[in-house]
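Trainee: model this:
(2 chains)
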Amino acid sequence: MNSMNKRSLIPLLLILLAILIGPYIWGADPYAQDLTKALQAPSATHWLGTDQYGRDVLGRVLYGGRVTIGTSVVIVLLAALSGTVFGILAGYKGGLWDWFVVRLGNLFLSLPTLVLAIALSALLGGGLDKVAYIFIILYSPKYARLARSLTKELKTAPFIHIAKLEGKGTFHILWHYIGPNINHAIITTAALDLGVVLMELAGLSFLGLGAMPPTPEWGSMLSAGRSVMQMAPWLVLGPGLGIVLTVGAVHIACEQWRKGYEV
Amino acid sequence: MKFSIKSAHRYMMRINRRGLMCLGVAVIMLLAGCGVTGEQDGGKKILHYGTTAYGPAMENAGLNPQVAYQGWSAIRYGVGETLVKFSQHMEVEPWLADTYEVVDPHTVQFHIREGVTFSNGKALTGDAVKESLEALVAKHNRAARDLKIRQITAQNQQVTIQSEHPAAVLLTYLADPYSTIIDVAAGESNRIVIGTGPFKATEVTDSTVKLVRNDTYWGGQPKLDGVDVQRITDGDTLTMALQRGDIDAAQGLPYSSIDLFNNNKDYRISSVATSRVYQMAFNFKSPNVQDKRVREAIAMGINKADFVTVLLKGNGLVGEGPFPNTTALGQMQLQTVPYDLNKAKALLAEAGYVDQDGDGYVEKEGKPLVIRWLTYTSRQELPLLAEMAQSSLKDMGIKVEVNATDSYLSSLKQGEFEIFAKAFVTAPTGEGSYYFKTNVLAGAVDNVGGYDNPKISELDKQLDQTIDPATRQSIFQNMTQAVLDDQAFVYVAFLKMNLVTKAYVTHFDAYPSDYYEINKDIDIVR
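Mentor: Below is the predicted model:
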């Protein structure tokens, strides 16, 4: 990674730093209600004002970032990990396993992720944990398909033949030869997906299907602030900026990382 | 298929470009579809009316008064009328009947107004009224239970109705929307019935009611050519629809939006105090709230004053009993529990709930006290109440899981709640027995928590035999106090109803009883 690539990580690192350390420095309890301070405009005491319940908006945005970004990262990591494992096995072993992974993958990929996620969340009753499970299930076929395709290509490579001739076992070949050669593609795809998942997660929370009150989450905060948006715009400013800046920072970082890797 | 990171990236970019194009097209189509009302109506005077109070969640999606709460829609939107109605002072006055006479304590004789026709041209006679009311009690359980009709006789324009109820009570039930008189012989088609109102329906769906003028209306020709009622359950969407001019009038705007229209010459606000209460009903089938001390502690944890002042922005009145103290019915000396978190904590401890594991939440025999708070979002302040209560109950060590959903009926039926918070009009007729018979008595249609107090049932029987208003009021007070003593319900606040219209809409005003909305005098004067 060159110096330009490293600089591109700065916005993302700053955001991560803010949500990890910020709540301790700022000190405001994101759950503490004080109705006497409801809907106060931004001031020296409350930099992003207060909400309908008199809660400090900045404090909630910082905590909300942990929930939104943290959940998105976990979703992408688990989807990528599970999908990759299935994909590698399908690509390497072939046969019925391959047929099953391909058909299942095609089925999921033919359906619009967000619409399906909304339908399933509504069916299961919503909640951040359920939404996370749904996204992991819906996103993992994408990685399975990618890993399968790359594994099938590598399977016939000379160095794999040599490894087999040397008597290396399947697990050894997958772990030491296939995995390291496909991980860049998986990581790049995962990085690109992070922003999308973050938006979709916030979207579901906005619809009331994700994080439940009083959990501060950027999507649900946007939704709650919407009713007083015209009179208290600061309620949507914080979480809205949080989503936009994070998605932008993730995109810049992974774009530069991808370029650096390709070069 | 050859796969590389570059090709994957190119593919994703292509998808993004395609997605953006689709989004652009969608936005253009959306903008093209929107327009200022009136311009699309071909010069006709069509009132576009947005409301939160229509739809399957309210069980009033349709116009057949003999089904669920559809009578509310029939009356509200000017399709049907009742024999008698409530005046501005909530007194019964003639409507389709031009006179009535109390023949004996349980019998009322009505004279049906001459010259009234159904919107299909058929004359309204005593027989038609009899037929309509008989069909009602045969099909509508709540109406049959309320009206308790012994006999109906009709001769020409005279109708005589005898009930088990005192005449005064019978009259109020005959003003209930389910008593809307319809042409039974014409039947129901696509949720449309034939009434006598100033408008007749052309299309009814779960979200819209389209109406055209009834040119043969007995009260004179309505000024509007038609009305387009749209269900807009989201308060913000409703607000913006009114601001944008997509609708001319809005009912059910969130209180947080009212300030946007105050002191604005382009809008007119009509407000009136109502008996619509935000109440919490406990589920007596759930072991978590079967202990009265727990219910009392929860009641003590609700800061009603702050809810009214801050979250309702003063557009309400703190509740004690089920009736607002601005009405004669609400003039009661009641003993209620105050907002007091310390006393509430002490009560919980007395009931055996203490924080044993130091997680901030109380437990009893290792089981945490979890309250599932079920509510819906079409009344935007209900989720606010839930979140406010969630915080104060947390301070007491009670974990509250809020489920604010408009598909709450299934959770309600399955008993998946400890508290169900809803908005309910407790005295639409200015008469108290309606509330107890629908919400409190064992087996009542809206007694979702399964509350059962034999003392209240006994008082209700006394009520049915009592005609004297002062004695009835005394019985209402005793019933209310019994409910409060049991901590079966918590009455949080009474709401003010606001109707906001464009300034060019005239004669469209909020009414003390929210049965009456669309009328023949509403006009659009640009």
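
Trainee: measure residue B:182 to residue B:136 for me?
Mentor: Counting by C-beta to C-beta, to the nearest Å, the gap between residue B:182 and residue B:136 amounts to 9 Å. Bear in mind the C-beta positions are built from the backbone N, C-alpha and C, glycine included.

Trainee: and these two? Which one has more around it.
Mentor: Each of residue B:182 and residue B:136 has its neighbours counted (other C-beta atoms under 10 Å in any protein chain shown); residue B:182 has more, 27 against 22.

Trainee: test my guess that the more buried one contacts residue B:200.
Mentor: No - here residue B:182 does not reach residue B:200: they are 11.6 Å apart, not a contact under C-beta atoms under 8 Å.

Trainee: look up the closest residue to residue B:317, ignoring the ones flanking it.
Mentor: Of all residues not flanking residue B:317 in the chain, residue B:494 sits nearest, at 4.4 Å (C-beta to C-beta, 6 or more residues apart in numbering or on different chains).

Trainee: show me what that neighbour is bridged to.
Mentor: Following DSSP bridges, residue B:494 is listed with bridge partners residue B:277, residue B:317.

Trainee: wait, isn't it in contact with residue B:304?
Mentor: No - the pair residue B:494 / residue B:304 is not scored as a contact, 10.4 Å apart, by C-beta under 8 Å.

Trainee: and these two? Which one has more around it.
Mentor: Taking other C-beta under 10 Å, residue B:494 and residue B:304 do not tie; residue B:494 has more neighbours (29 against 22).

Trainee: intersection of neighbour lists for residue B:182 and residue B:136?
Mentor: B:65-66 (C-beta atoms under 8 Å, 6 or more residues apart in numbering or on different chains).

Trainee: next SSE after the helix or strand of chain A with the lowest mean pLDDT?
Mentor: Ranking every helix and strand in chain A by mean pLDDT, DSSP states H and E puts helix A:3-8 at the bottom, with a mean of 70. Next helix or strand after helix A:3-8 toward the C-terminus (DSSP states H and E): helix A:10-26.

Trainee: packing partners for that following helix?
Mentor: Where contact means 3 or more C-beta pairs under 8 Å, 6 or more residues apart in numbering or on different chains; DSSP states H and E, helix A:10-26 is packed against helix A:57-93, helix A:234-262.

Trainee: save the ones you listed as a markdown table, and put in distance to residue B:426 too.
Mentor: A markdown table is the format used below for these (distance: least, C-beta to C-beta, whole Å):
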| stretch | distance to residue B:426 |
| --- | --- |
| helix A:57-93 | 36 |
| helix A:234-262 | 33 |
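
Trainee: looking at those, which has the lowest confidence?
Mentor: Ranked by mean pLDDT, the helices and strands packed on helix A:10-26 end with helix A:234-262 at the bottom, a mean of 88.

Trainee: thinking again about what came up before, overlap in contacts of residue B:182 and residue B:200?
Mentor: residue B:194.

Trainee: what are the buried residues along stretch B:440-457?
Mentor: Neighbour-count burial for stretch B:440-457 flags B:440-441, B:444, B:447-449, B:451-453, B:456 (criterion: 16 or more other C-beta atoms under 10 Å in any protein chain shown).

Trainee: still on that earlier bit, pull up the overlap in contacts between residue B:494 and residue B:304.
Mentor: residue B:319.

Trainee: tell me the pLDDT at the nearest residue to residue B:390 once chain neighbours are set aside?
Mentor: Distance criterion C-beta to C-beta, 6+ apart; nearest residue to residue B:390, sequence neighbours excluded, is residue B:400 at 4.2 Å. pLDDT for residue B:400: 95.

Trainee: could you do the one 3 residues further on as well?
Mentor: In the prediction, the pLDDT value recorded for residue B:403 is 88.

Trainee: what does residue B:513 give?
Mentor: The predicted local confidence for residue B:513 is 83.

Trainee: picking that back up, which one of the helices and strands packed on helix A:10-26 has the most crowded surroundings?
Mentor: Mean neighbours per residue, mean count of other C-beta atoms under 10 Å in any protein chain shown, is largest over the helices and strands packed on helix A:10-26 for helix A:57-93, with a mean of 22.

Trainee: sec struct for residue 171, please.
Mentor: All of this is about chain A. helix (DSSP: H, G, I helix; E, B strand; the rest coil).

Trainee: chain B is the one I meant
Mentor: helix.

Trainee: how about the residues of the stretch 101-250 of chain B by chain A?
Mentor: Residues of the stretch 101-250 of chain B lying near chain A by C-beta under 8 Å from any C-beta of the partner chain: B:235-236, B:239.

Trainee: what subset of those residues is buried?
Mentor: B:235-236, B:239.

Trainee: now render those residues as CSV, adding secondary structure and pLDDT.
Mentor: Shown next, in CSV, are these (DSSP: H, G, I helix; E, B strand; the rest coil; pLDDT from 0 to 100):
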residue, secondary structure, pLDDT
B:235, helix, 84
B:236, helix, 85
B:239, helix, 93
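
Trainee: list the buried ones in stretch A:184-204?
Mentor: By 16+ other C-beta under 10 Å, the buried positions in stretch A:184-204 come out as A:185-204.

Trainee: am I right that residue B:360 sits in a strand?
Mentor: No - the assignment for residue B:360 by three-state DSSP gives coil, which leaves it out of any strand.

Trainee: related to what we said a few turns ago, quick check, nearest of the buried residues of stretch B:440-457 to residue A:106?
Mentor: Within the buried residues of stretch B:440-457, the smallest distance to residue A:106 is 45.7 Å, found for residue B:448 (C-beta to C-beta).

Trainee: what is the burial count for the residue in the stretch 51-200 of chain A that chain B sits nearest to?
Mentor: Proximity of the stretch 51-200 of chain A to chain B (C-beta to the nearest C-beta) peaks at residue A:149, 4.7 Å away. Look at residue A:149: counted by other C-beta under 10 Å, it has 20 neighbours.
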